[in-house]
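1. prediction below, plus the sequence it came from.
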Amino acid sequence: MKKEVRVFAPATVANVAVGFDILGFALQAPGDEIVARRVDKAGLHIKTITGDGGKLPYEVDKNTAGFAARCLLRQLEAEAIGVELEIHKKMPFGSGLGSSAASSAAGAMAVNALLGMPVSKMDTLHCAVLGEQVADGAYHADNVAPSLLGGIILIRANEALDVHRLPVPEALHAAVVYPHVSILTKDARDVLSPRVTLQQSIQQCGNLAGLMVGLYESDYGLIGRSLEDVIIEPQRAPLVPHFAEVKQAALDAGALGCSISGAGPSVFALCQGAETASAVAKAISSIFTRQNIPNDPYASPVNQEGAKII
Ligand code: HSE
């Protein structure tokens, strides 16, 4: 067992246009860092929270990272061990980049790493999802699973955590831009109608299946044609400033497809090649900048590693 470890868990793009609550992938940056340290006092304690998490609770029950970490200590029957956490929030809340999911994935990873990785990452997923549930009240793994495991993850069923890693075509890159406006996930879920039409369902199923085949066959054209969300995006687009213009700019710059990242306001585009991804991130960023909306652009390949010791 180690005395101290520092871990990183990345931001994620949930939904990926056509997989509402069941699809997500990990980015290289940004992400959260957590230091876990052995202490004499038994159980899980939160010592420090820095960065964007200034207002996060220190009570373990109410803190996503703390909850996930203590859940894993219990699962491993290791509560006699004393562990303190330093939580370094390096990503904003309400950004659509899976901030709370990154914290809970890092919390679970920190305890597993401190104990010498007695279980696989997959065996810590339940605790990490429970940690995120503290933040948003719902048990869904579309941010947590890719943050923890890396890659592009399909969640066939959230309750059963029936999760599957999809292949990532070699040249697939993501452009992501976070405009500095806040959208609460709860509000972005409240705008959604509980009903879909048969026609919408047919189109969305076709696109989700098309995206899967595109990923398996590295068929970039098929990936692009499939990145069309006919159910969620039309309902949430009004929440993202200048979304139509942003999407058009991304497509004009060569993106395969562009949609809202998670519950927004961040937007993402999938691209073939690193250069195109950089150009697309720049094109999206310039639309927000022109409207005086500060923004953070990112361009990277899909992060295949997920949470890791640093
Ligand atoms: N799938 C979720 C949503 C992600 O779009 O509401 C945000 O947690």
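-> Nice, thanks for sending it over. Residues are numbered from 1 along each chain as shown.

2. mean confidence score for stretch 39-48?
-> For stretch 39-48, mean pLDDT rounds to 96.

3. can I get the CA coordinates of it in CSV?
-> Taking C-alpha atoms only, stretch 39-48 is exported to CSV below (Å, rounded to 0.1, in the frame of the first residue of the first chain):
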residue,chain,number,x,y,z
VAL,A,39,-3.5,9.1,7.8
ASP,A,40,-3.9,7.7,11.3
LYS,A,41,-7.6,8.5,11.7
ALA,A,42,-9.7,5.7,10.2
GLY,A,43,-12.2,6.3,7.4
LEU,A,44,-12.3,8.9,4.6
HIS,A,45,-11.7,12.6,5.2
ILE,A,46,-11.6,15.6,2.9
LYS,A,47,-8.7,17.8,3.8
THR,A,48,-8.6,20.5,1.1
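
4. list phi and psi for whichever residue of the stretch 1-150 of the chain sits closest to the ligand.
-> Distances between the stretch 1-150 of the chain and the ligand by C-beta to the nearest ligand atom are smallest at Ala14, namely 4.0 Å. From N, CA and C alone the C-beta is placed, and that goes for glycine too. Ala14 adopts backbone torsions of phi -90, psi 160, taken as degrees, to the nearest 10.

5. which residues does it contact?
-> By C-beta atoms under 8 Å, 6 or more residues apart in numbering, the contact list for Ala14 reads Asp21, Leu23, Gly24, Gly96, Gly98, Asp142, Asn143, Ser261, Gly262, Ala263.

6. thinking the first one is in contact with Tyr139, fair?
-> Right, Asp21. No - under the criterion of C-beta atoms under 8 Å, Asp21 makes no contact with Tyr139, lying 10.3 Å away.

7. so what sits against both of these two?
-> Asn158.

8. for the longest strand anywhere in the chain, which strands pair with it and how are they oriented?
-> Counting residues, the longest strand found in the chain (DSSP state E) is strand 23-39. Counting by DSSP bridges, the strands paired with strand 23-39 are strand 4-14 (antiparallel), strand 82-89 (antiparallel), strand 152-157 (antiparallel).

9. closest one to Ser201 among the ones you listed?
-> strand 152-157 (17.1 Å; C-beta to C-beta).

10. Ile22 against Ile152, yeah?
-> No - applying C-beta under 8 Å, one finds Ile22 not in contact with Ile152, separated by 11.7 Å.

11. the two: who's more crowded?
-> Ile152 (25 against 20; other C-beta atoms under 10 Å).
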